[in-house]
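1. got a sequence here, can you build the structure:
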Amino acid sequence: MKITFIYDIASPNAYLCHRVIPEFEKKHNVEIEYLPCLLGGIFKLTNNQPPWMAFAEITNKSGYMNIEMDRFMRFHKISEFKLNPHFPINTVTIQRGLLAAKKLDCEKEYIDVIAKGMWEEEVNLGDKEILEEFLTKKNLPGKDILELTSDDQIKQQLIENTQKAVDAGVFGVPTFILNEEVFFGKEALREIPDFL
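-> Next up is the predicted model:
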């Protein structure tokens, strides 16, 4: 069975999902396919905004979001997460890079390297030069990936993926789609097994 993961590494919660997906796939005998999208594009198309903006004025809400993240990390034994000091980062090139990496048969490696760089190693991956250098240092074809991010087909694919996600009912990231049903948030990983 296949589950689609609407994915933009801009979201720390997408990173947390990424960390538990391999175990989830094995445990439930499913395949989770990453669909790179632009979270900013999803927000624009759905009149949504990031939680840190949407809930900034709500007493106790931001604090609770931090508690909830901490609970998730403790439950899944994730200790490497660090809030990137460059956050929020423009991820257009990074997300196009994921499509390029798929074309170059290094998609899984790219996803892992980017996730760690963004949310463990605190790298400013929004800077194209830093991104290329970082990928190359991690034994990925950084130059080739960055060149492909300028390809019109890849640019268009990212736009189409984002629109496709919104058309499916997506309003934020992380979101999973199973049998055309939307499951939003990292907590969805607890719900999905009941619908397999």
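
2. separation between Lys61 and Ile67?
-> From Lys61 over to Ile67 the distance is 11 Å, taken as CB to CB, to the nearest Å. Yep, even glycine has a C-beta here, placed from its N, CA and C like the rest.

3. what do you get for Gly169?
-> The spacing between Gly169 and Ile67, counted by CB to CB, is 28 Å.

4. ok, now Ser11?
-> 18 Å.

5. also Thr4?
-> 29 Å.

6. buried stuff in stretch 142-160?
-> By neighbour count on 16 or more other CB atoms under 10 Å, the buried set for stretch 142-160 is Gly142, Asp144, Ile145, Leu146, Leu148, Thr149, Ile154, Gln157, Leu158.

7. again, but for stretch 162-178
-> In terms of neighbour count (16+ other CB under 10 Å), stretch 162-178 has its buried residues at Thr162, Ala165, Val166, Val170, Phe171, Gly172, Val173, Pro174, Thr175, Phe176, Ile177, Leu178.

8. Tyr7 bridge partners, please.
-> Judged by DSSP bridges, the bridge partners of Tyr7 are Pro36.

9. isn't it up against Ile32?
-> No - Tyr7 is beyond contact range of Ile32, at 9.6 Å (criterion: CB atoms under 8 Å).

10. residue ranges with poor pLDDT in this structure?
-> 50-56 (pLDDT under 70).

11. where along it do the helices fall?
-> For the chain, the helices defined by DSSP state H cover 12-28, 39-46, 51-54, 61-75, 92-103, 107-119, 128-137, 142-148, 152-167, 188-191.

12. out of the ones you listed, flag the one nearest Pro85.
-> helix 107-119 (11.3 Å; CB to CB).

13. could you list every helix and strand in contact with that closest one?
-> Secondary-structure packing of helix 107-119 (3 or more CB pairs under 8 Å, 6 or more residues apart in numbering; DSSP states H and E): helix 12-28, helix 92-103, helix 128-137.

14. distance to Leu196 and mean neighbour count added to those helices, as a markdown table?
-> Formatted as a markdown table, the helices and strands packed on helix 107-119 follow (distance: least, CB to CB, whole Å; neighbours: other CB atoms under 10 Å):
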| stretch | distance to Leu196 | mean neighbour count |
| --- | --- | --- |
| helix 12-28 | 6 | 18 |
| helix 92-103 | 25 | 22 |
| helix 128-137 | 35 | 17 |
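
15. now render those as TSV, adding distance to Leu189.
-> What follows is these, written out as TSV (distance: least, CB to CB, whole Å):
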stretch	distance to Leu189
helix 12-28	6
helix 92-103	21
helix 128-137	28
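
16. what sits up against stretch 84-100?
-> For stretch 84-100, contacts defined as CB atoms under 8 Å, 6 or more residues apart in numbering pick out 7-10, 12, 34, 36-40, 50, 107, 110-111, 114, 118-119, 122-126, 128, 131, 135, 144-146, 148-149, 151, 154-155, 157-158.

17. quote the end-to-end distance of that stretch.
-> Taking CA to CA, to the nearest Å, stretch 84-100 runs 24 Å from one end to the other.

18. tell me which residues of stretch 103-120 are tucked away?
-> Of the residues in stretch 103-120, those buried (16+ other CB under 10 Å) are 103-104, 106-107, 110-111, 113-120.
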